[in-house]
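Undergrad: Give me a 3D structure for the following:
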Amino acid sequence: MMKSRTEEEDFWNSTKFKPFTFDDDDDGFSKLKESKQAVNNIRSLVDEEEDEGDVEKVSWSGEPVGSISWSVRETAASSHRTVREPTFPKTNTEPPTRSLSGYSLSSLFKGKTKGGNFQTFTDSLSDSTVRLYAPELRKPKSEYKDVIINLSPEETVQRMLQGKAVSLEIFRSLQDKLGLLDTAVSAHDGNVITAVLIYLKRTLSKEVLFRELESRQTALRHFIHYLTETREQRLLLELLRALGRMEDMALLQYKEHLNIPDENKRRDFLKSCLSLPFSPEDSGHIQDHYTLLERQIVIEATDRQAELGGKVEIFQKFPRRASILNMPLITTLYYCCFYHFTESEGTYSSPLNIRQTFKISEMQYFVTTLAARAKLKAWSDVGALFTSRNWLGFTRKKSPLSFQRVVDILQKNSAPTQVLQEYVALVEDSDLRITLAQKHKCHDIVINTYKELKDRQLLLEYLKKIERGSVEAKKINELLKNSQIRWKN
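TA: Take a look at the predicted model:
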């Protein structure tokens, strides 16, 4: 049964579907209604997740939606604006800047931009060089204390001691900066003091900084140590010069010779240091250093040539293990006693010339020479060191070193028993002499000492320790049979 036209219209009007017409595309009111419905649906989704009263809506600029500043920014976004990042704690001195895109929350909902289509916006999000920041909602205010805020010097230092982030840029005037430095010094923490000094070094002129540090000795010591560790040589020299510490400045300049590898250039540098304002004692050391290096250069060149020539026996028998250049004074003396002991006093390499030039003490010279000649097993030279003549022309053994120490040096250089026995016998203390003689197996000394003590029992005990039938055993037996000796026991 066919329905009437009225019934058909009632059917279409009573459902939620509409008949197709060619005029739908031009129905602007329908499109506006659908867009509004879509926005409302999105809002309902948000409202289902969180209560609208508990959430403060924030735009990309960090301003509450609907505020005056937000409205002004949204209006000017399409033309030109400067977007500031939300107030996050800063991690570097140059925060990254965000490109001026001109997008808003409303354009996101609509899927359109103010200056182009939605595809352009999604492309910009996929660009790795663009960094977009969204503010965090409902963040406690206590977490924002690391941002630049007005803190007193005491609060700033306390936060630095706790390892929290602070900004020293808030201390702008000279009085504030010095107050911060004094507070840091009173905290007795080297890291805090150094951090403040670095800030003052960057923000104050050298003249002002040097003047203020002069009256703050603790901070001055930290600053000098900091410049030394960072090797800011020029600034450190300027500081010492401004403080009138000329000797320290001279020593600092002298220390530069350690960085000069070439010995000739180092010698020339040391010569230039002789005119620096050293103290009298230090000036003498610098002069000796220059003279020693100058002499070492001559000795090294001569000995290298002699060693390569192969005509000097001692260099062939005992090849040099290292260069003499830049060696200490006593090492140089030992070298010359080893290789140039017999040279005349007029030569640079003569041990006697070195002793006289550098005013080496008798003890130092004796010990060094003894060690060098004992190393060579030159026992005749060793004996000559101890020979002394009195005013009557008699010779005797004399040593500025104790004979116990002499025996130790000779024993370390593998001296034979005959040589050791000669010097063990010169030890004055009888108990010590017997101990050394037994240690180094100088039997004659032990036997003669017991004979002098007239101790028959000790001789009998010692006879048990030596080999039967030996020369020493026969000597003990002869002494024990000698009726002319009056034994104590």
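Undergrad: helices and strands of the chain: which one bottoms out on pLDDT?
TA: helix 105-110 (a mean of 38; mean pLDDT, DSSP states H and E).
Undergrad: what's the first-to-last distance across stretch 318-337?
TA: 13 Å (CA to CA, to the nearest Å).
Undergrad: Mind listing residues that contact that stretch?
TA: Stretch 318-337 has contacts (CB atoms under 8 Å, 6 or more residues apart in numbering) with 263, 266, 288, 292-293, 295-297, 299-300, 303, 307, 338-339, 349-351, 354-355, 358, 360, 364-365, 368-369, 371-373, 376. C-beta coordinates here come from the backbone N, C-alpha and C atoms, glycine included.
Undergrad: could you redo the last one with a cut-off of 7 Å?
TA: 263, 292-293, 296-297, 299-300, 303, 307, 349-351, 354, 358, 360, 364, 368-369, 371-373 (CB atoms under 7 Å, 6 or more residues apart in numbering).
Undergrad: can you tell me the average pLDDT over it?
TA: Averaged across stretch 318-337, the pLDDT comes to 95.
Undergrad: Kindly report the same for stretch 355-375.
TA: Mean predicted confidence for stretch 355-375 is 95.
Undergrad: what comes up buried for it?
TA: 355, 358, 360, 365-375 (16 or more other CB atoms under 10 Å).
Undergrad: try stretch 452-466
TA: 455-456, 458-459, 462-463, 466.
Undergrad: for stretch 220-229, same thing?
TA: Residues 220, 222-224, 226-227 are the ones in stretch 220-229 that count as buried (16+ other CB under 10 Å).
Undergrad: do stretch 269-285 as well
TA: So stretch 269-285, judged by 16+ other CB under 10 Å, has buried residues 269-270, 273, 276, 278, 283.
Undergrad: Now do that stretch: everything it contacts.
TA: Stretch 269-285 is touched from outside by 246-247, 250-251, 253-254, 257, 260, 286-287, 289-290, 293, with contacts defined as CB under 7 Å, 6+ apart.
Undergrad: Grab the nearest non-local neighbour of Leu292.
TA: Nearest residue to Leu292, sequence neighbours excluded (CB to CB, 6 or more residues apart in numbering): Leu329, at 6.0 Å.
Undergrad: Burial check on that neighbour, number of neighbours?
TA: As a burial measure, Leu329 scores 17 neighbours (other CB atoms under 10 Å).
Undergrad: before we move on, what about the one 3 residues further on?
TA: Counted with other CB under 10 Å, residues neighbouring Thr332 total 23.
Undergrad: Phe358 touches Tyr290, doesn't it?
TA: No. Counting by CB atoms under 7 Å, Tyr290 is not a contact partner of Phe358; they are 12.0 Å apart.
Undergrad: quick revisit: so which of the buried residues of stretch 220-229 are in strands?
TA: The strands, defined by DSSP state E, take in nothing from the buried residues of stretch 220-229.
Undergrad: and of the residues you listed, the nearest to Asp431?
TA: For the buried residues of stretch 220-229, the minimum distance to Asp431 (CB to CB) is 56.2 Å, reached by Ile224.
Undergrad: how far away is that closest one from Gly346?
TA: Between Ile224 and Gly346 the computed distance is 47 Å (CB to CB, to the nearest Å).
Undergrad: Skipping adjacent residues, who's closest to His443 in space?
TA: According to CB to CB, 6+ apart, the nearest residue to His443 is Glu472 (4.2 Å).
Undergrad: Am I right that the one you found sits in a helix?
TA: Yes. Counting by DSSP: H, G, I helix; E, B strand; the rest coil, Glu472 is part of a helix.
Undergrad: burial count for it?
TA: The burial count for Glu472: 18, using other CB under 10 Å.
Undergrad: can you tell me which residues contact Gly190?
TA: Contacts of Gly190 by CB under 7 Å, 6+ apart are His222.
Undergrad: how close does it sit to Leu220?
TA: From Gly190 to Leu220 the distance is 13 Å (CB to CB).
Undergrad: Equivalent analysis for Glu232, please.
TA: 15 Å.
Undergrad: Break down the stretch 251-400 of the chain into its strands, ranges please.
TA: 387-389, 395-397 (DSSP state E, counting those that start in this stretch).
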